[in-house]
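>>> need the 3D shape of this:
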Amino acid sequence: MTDTSTASPDPLRRIFAPVKALFVGDASAGVLLILVAAAAMLAANSPLADEYRDLFYGKLPVTPIPKLYDLHLWINDGLMAIFFFVVGLEVKRELVAGSLADPAARRLPMLAALAGMAAPAIVFMIVSGGGQYTSGWAIPAATDIAFAMGVLGLLGNRVPASLRLFLLTVAIVDDIGAVLVIAVFYTPTIKLTWLLAAALVLAVMVGLNRLKVGVFWPYILLALVLWYCVLNTGVHATIAGVLAALTIPMRRPDGNSMLERLEHGLAPWSAYLVVPVFGFANAGVSLAGMGADALLAPLPVAIAAGLVVGKQVGIFSIVFLADKSGFAPRPENATWPEVWGISILCGIGFTMSLFIGSLAFPNQPLFIEEAKIGILTGSAISAILGFVVLRMTTSHTAEECDDQGQQPSNA
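Residues are numbered from 1 along each chain as shown. Predicted coordinates:
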């Protein structure tokens with residue numbers, strides 16, 4: 001006799017297994033961002049559009065920090081500091097004990113990341129013609145780690161581990177470049193008194209690191225103070241997140257790392273709360289009154305071209321030249337079509353591109369809306385095209401696609 005109590009759920013499991021798989025591992029954060037972006041677009045173009053805009057841009061009746069007078073500012077200047085803090089932790093881990101610690105191993109991804117930032121900026125300037133759009137040159141230069149790794153995760157174990165690591169490392173170096181770009185090119189004025197205060201707080205945090213203070217709370221409290229000081233300097237407040245993260249000790253008295261424990265604790269909150277909230281607050285573009293002329297305006301077309309064309313041309317070309325010249329070999333077990341597919345996925349610029357877009361045109365709401373259209377369009381095309389290319393070209397053994405290659409070793 002068949003045990004129906006155990007046999008009956010099988011059809012349901014078979015039906016929902018593919019859906020569940022989307023939210024496990026690499027794919028989950030990327031799929032969540034796709035859903036969030038779609039929800040934001042629906043909200044901004046629905047009967048609730050006014051409520052959506054008032055929620056994020058309506059002036060708060062009470063705020064403890066006058067500079068953050070609406071919810072949108074609290075999200076972009078405050079909540080996103082957590083995202084940048086996690087980025088800083090990841091960058092330090094990679095530099096100290098990960099894939100960026102070995103000079104030979106980091107040669108290719110660093111070169112690819114630089115080319116992947118320069119080429120989109122050049123394409124943007126050529127297509128847009130510069131002029132009033134010049135300040136948006138860095139918008140297509142960013143790569144969204146969660147989104148790109150999420151699309152890669154949808155391919156399961158078809159992609160060699162070396163390519164996963166290459167994409168992750170390029171995106172990390174890309175984030176370092178984006179942080180430097182924000183600090184250098186999107187800081188109009190600097191208040192020296194607050195800058196000195198921020199430097200003092202940072203020096204205390206470095207001192208705690210040198211003294212090998214192994215508890216979290218002093219660093220967290222000082223990180224909040226550093227954030228407030230940087231907020232008032234004129235430098236974007238989220239830079240404080242990266243600076244604070246670099247002071248967290250990476251020591252292993254008991255075989256564990258304080259930095260890694262903090263990163264592992266915060267990474268899910270960043271991926272599944274901070275970034276989705278940011279995406280929902282920033283991805284909503286009202287298409288009311290926008291005709292084909294607006295959608296095909298120079299700014300959105302230039303951003304989309306930078307993401308779709310600039311990224312893949314820059315990264316693939318430099319990897320090809322580095323391999324053929326002997327400067328650095330392409331990722332192990334990867335074919336050239338696969339390298340091309342990964343280069344296309346690097347054109348997904350959702351989170352960081354939206355962030356830079358809000359900084360590039362602070363007093364030009366029309367340009368910000370047009371920039372969002374270009375970012376969403378370019379990222380969607382890159383995601384779909386990259387997925388299709390990799391789906392059609394990947395064919396490897398289980399050993400070559402071992403998922404252990406997704407994360408760099410911390411040993």
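>>> I'd say Thr394 and Leu155 touch.
Yes - assessed by C-beta atoms under 8 Å, Thr394 is found in contact with Leu155 at 6.8 Å. C-beta here means a position set from N, CA and C on the backbone, and glycine is covered the same way.
>>> so between the two, which is more surrounded?
For Thr394 versus Leu155, the count of surrounding residues by other C-beta atoms under 10 Å is larger for Thr394: 21 against 18.
>>> look up how far Leu79 lies from the more buried one.
From Thr394 across to Leu79, the span is 37 Å (C-beta to C-beta, to the nearest Å).
>>> what about dumping the CA coordinates of stretch 128-137 to CSV?
Written as CSV, here are the backbone C-alpha positions of stretch 128-137 (Å, rounded to 0.1, in the frame of the first residue of the first chain):
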residue,chain,number,x,y,z
SER,A,128,25.0,62.0,-25.0
GLY,A,129,27.3,64.7,-26.5
GLY,A,130,28.4,65.9,-23.1
GLY,A,131,27.2,69.4,-22.3
GLN,A,132,24.4,69.5,-19.7
TYR,A,133,24.7,65.7,-19.4
THR,A,134,28.4,65.6,-18.6
SER,A,135,28.0,65.1,-14.8
GLY,A,136,26.2,61.8,-15.5
TRP,A,137,29.4,60.2,-17.0
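>>> quick check: mean pLDDT of that stretch?
Averaged across stretch 128-137, the pLDDT comes to 93.
>>> and for stretch 283-295?
Averaged over stretch 283-295, pLDDT sits at 74.
>>> repeat that for stretch 209-219.
88.
>>> centre of the chain to it, how far?
On the basis of C-alpha atoms, centre = their mean, to the nearest Å, stretch 209-219 sits 28 Å off its chain's mean C-alpha point.
>>> Ala119: which element?
Using DSSP states H and E, Ala119 sits in helix 103-128.
>>> C-terminal to that helix, what's the next element?
Using DSSP H and E, the next helix or strand after helix 103-128 towards the C-terminus is helix 145-153.
>>> packing partners of that next one?
Judged by 3 or more C-beta pairs under 8 Å, 6 or more residues apart in numbering; DSSP states H and E, helix 145-153 is in contact with helix 26-44, helix 161-185, helix 336-345, helix 350-360, helix 365-393.
>>> quick one: which of those is nearest Val123?
helix 365-393 (10.6 Å; C-beta to C-beta).
>>> which elements pack onto that closest one?
Packed next to helix 365-393, using 3+ C-beta pairs under 8 Å, 6+ apart, are helix 145-153, helix 298-305, helix 336-345, helix 350-360.
>>> what's the mean pLDDT across the first one?
To tie it back to what came earlier, the one meant is helix 145-153. Helix 145-153 comes out at a mean pLDDT of 80.
>>> kindly report the same for the last one.
With pLDDT averaged residue by residue, helix 350-360 scores 88.
>>> orientation of it relative to helix 145-153 in degrees?
On the basis of axes from the mean of the first three to the mean of the last three C-alpha atoms, to 10 degrees, helix 350-360 is oriented at 150 degrees to helix 145-153.
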